[in-house]
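Asker: sequence-free structure coming up:
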């Protein structure tokens, strides 16, 4: 009994420490969403250059996830998480020394290492919990996404009070302290301890073997939206609010935090729903609601002129600020459910390859956070329409929804081949509903007395 209690304590300690560490990492990872606005003004950057700047940290955080996931399987999450946080802290501290666009991009690559903490923590946490509770546990860990809300809400005030250079250095110090605390108080996960005692090693080839399956890449496509677009919008919305609605940076950061917070906090709910009703159901909810939200957000401010009886009638349509904020909050909420649902799939389908499969899925999702802000900026430059970013996301979700549905139906046909043969569609029943018993004989006699009808 005492051993069970101790095991639960160790399990929840690992989850708590990992979630806190990931929150700090995510706050650092998205710091350019705030300080990038100041840097844009100082350097006179175009929209495309600004999009590249805020997306560059996401590139490093994405590409590093595969190798960090493999290293976590080999060396344990406690050690890898600590080293990864310290490396990102050093890069963030020296960000304040950058003095040109090129040096800012180089520093941003180092800052991006903070984003690699996701797959380290995911692999580490999944080894502590049984399959029946992994969705909830990983959902709670994924709440560390709220670090973006911490940055978008708190960083503007630090920038106003201290300047963006000191803000970056404060973030670096907090991240370094978190790394030390994690290493001191965390323990090696059970899977790593078992491998250490037995002396077994997992080769990189064995870890990468499942990546040949198209299913893994389908999961990655889902994550490209639910996580990649989440990161992209968390970085892009401050600029959107300032440009499209003329808000001050502090107000823009506050409204962006309102989008990012439910996109993080309710990830635990998405994990619980995936454990209870299945990840497939949660993904359908995510995609359908997202399509509705993105359709609304995509509609640009438009003026119409109608030739009326007594002359032209002019009216306009567009989203006011209150409705825009509400719709983005709903979008962030369902994206949080989808993030949990995607990673519920991975330890269920690939329990012995969480590091590599989760690393690839996380990498593709992270690349969404890199590619999409650049695409948003380029679309603004090309079209001059602020809502073009939401038009792009609508197309992305529509493609993902169709691919998911087709894959599910094909999987059902393979599992139940007798259904695949049912290709004839007809609104005629196999057998008509029988006549009442008392009238059965009379009905049969009447049927015999009627002449046959041709088809």
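Answerer: Good, I have the coordinates. Please read these numbers as outputs of a predicted model, since none were measured by experiment.

Asker: could you list the low-confidence segments of the stretch 51-200 of the chain?
Answerer: 199-200 (pLDDT under 70).

Asker: helices of that one, start to end?
Answerer: Along the stretch 51-200 of the chain, the stretches classed as helices by DSSP state H, counting those that start in this stretch are 77-93, 101-111, 117-126, 131-142, 147-162, 164-185, 190-198.

Asker: and the shortest one, what other elements does it pack with?
Answerer: Using 3 or more C-beta pairs under 8 Å, 6 or more residues apart in numbering; DSSP states H and E as the contact criterion, helix 190-198 has no neighbours among helices and strands. All C-beta spots, glycine's among them, are computed from the backbone N, C-alpha and C.

Asker: hang on, the earlier thing: closest to residue 274 out of the helices of the stretch 51-200 of the chain?
Answerer: Closest of those to residue 274 is helix 131-142, at 4.2 Å (criterion: C-beta to C-beta).

Asker: tilt between that closest one and helix 117-126?
Answerer: Interaxial angle, helix 131-142 versus helix 117-126 (axes from the mean of the first three to the mean of the last three C-alpha atoms, to 10 degrees): 150 degrees.

Asker: what about helix 131-142, distance to the chain center?
Answerer: 15 Å (C-alpha atoms, centre = their mean, to the nearest Å).

Asker: same thing with stretch 56-63?
Answerer: Distance of stretch 56-63 from the chain centroid (C-alpha atoms, centre = their mean) equals 15 Å.

Asker: same check on stretch 281-296?
Answerer: For stretch 281-296, the distance to the chain centre is 13 Å (C-alpha atoms, centre = their mean).

Asker: residues in contact with it?
Answerer: Residues from elsewhere that reach stretch 281-296 (C-beta atoms under 8 Å, 6 or more residues apart in numbering): 222, 225-226, 270, 273-274, 319, 327-328, 330-331, 334-335, 337-338, 340-342, 344, 390, 393-394, 397-398, 400-401, 404.

Asker: number of nearby residues for residue 130?
Answerer: Counted with other C-beta atoms under 10 Å, the neighbours of residue 130 add up to 9.

Asker: next: the one 10 residues further on.
Answerer: When neighbours are counted by other C-beta under 10 Å, residue 140 registers 21.

Asker: what's the answer for the one 3 residues further on, then?
Answerer: Under the neighbour criterion other C-beta under 10 Å, residue 143 is assigned a count of 22.

Asker: do you know how far it is from residue 48?
Answerer: 33 Å (C-beta to C-beta, to the nearest Å).

Asker: also residue 60?
Answerer: Counting by C-beta to C-beta - residue 60 and residue 48 are separated by 20 Å.

Asker: those two - which one has more neighbours?
Answerer: residue 60 (23 against 18).

Asker: might you report the residue contacts of that one?
Answerer: So residue 60 contacts 108-113, 115-116 (C-beta under 8 Å, 6+ apart).

Asker: how about the contacts made by residue 374?
Answerer: Neighbours of residue 374 in contact, by C-beta under 8 Å, 6+ apart: 48, 51-52, 55.

Asker: show the buried residues in these.
Answerer: 48, 51-52, 55 (16 or more other C-beta atoms under 10 Å).

Asker: ok, residue 13 touching residue 187?
Answerer: Yes - applying C-beta atoms under 8 Å, one finds residue 13 in contact with residue 187, separated by 7.4 Å.

Asker: name the nearest residue to the one residue sitting closest to the centre of the chain, ignoring sequence neighbours.
Answerer: Closest to where the C-alpha atoms of the chain average out (C-alpha atoms, centre = their mean) is residue 227, at 1.7 Å. Excluding the flanking residues, the one nearest residue 227 by C-beta to C-beta, 6 or more residues apart in numbering is residue 365, at 3.7 Å.

Asker: surely that neighbour meets residue 221?
Answerer: No - judged on C-beta under 8 Å, residue 365 makes no contact with residue 221 at a distance of 9.3 Å.

Asker: when those two are compared, which one has more neighbours?
Answerer: residue 365 (29 against 19).

Asker: list the buried residues for the helix or strand hosting residue 380?
Answerer: Using DSSP states H and E, residue 380 sits within helix 354-383. Of the residues in helix 354-383, 354-380 count as buried by neighbour count, 16+ other C-beta under 10 Å.

Asker: ditto for stretch 385-396
Answerer: 386-394, 396.

Asker: and the residues you listed, which two are furthest apart?
Answerer: So, those by C-beta to C-beta: farthest apart are 386 and 396, at 18.0 Å.

Asker: the residue nearest to the centre of the chain contacts residue 341, doesn't it?
Answerer: No - with contacts counted by C-beta under 8 Å, residue 227 stays clear of residue 341, the gap being 11.4 Å.

Asker: and residue 316, that's in a helix?
Answerer: No - per DSSP: H, G, I helix; E, B strand; the rest coil, residue 316 lies outside any helix segment and is strand.

Asker: excluding its backbone neighbours, what's nearest it?
Answerer: In this structure, residue 316 finds its nearest non-sequential neighbour in residue 303, 4.5 Å apart by C-beta to C-beta, 6+ apart.

Asker: how near is the closest residue to residue 261 other than its chain neighbours to residue 183?
Answerer: Spatial nearest neighbour of residue 261, excluding adjacent residues (C-beta to C-beta, 6+ apart): residue 149 at 4.2 Å. Distance of residue 149 to residue 183, given as C-beta to C-beta: 26 Å.
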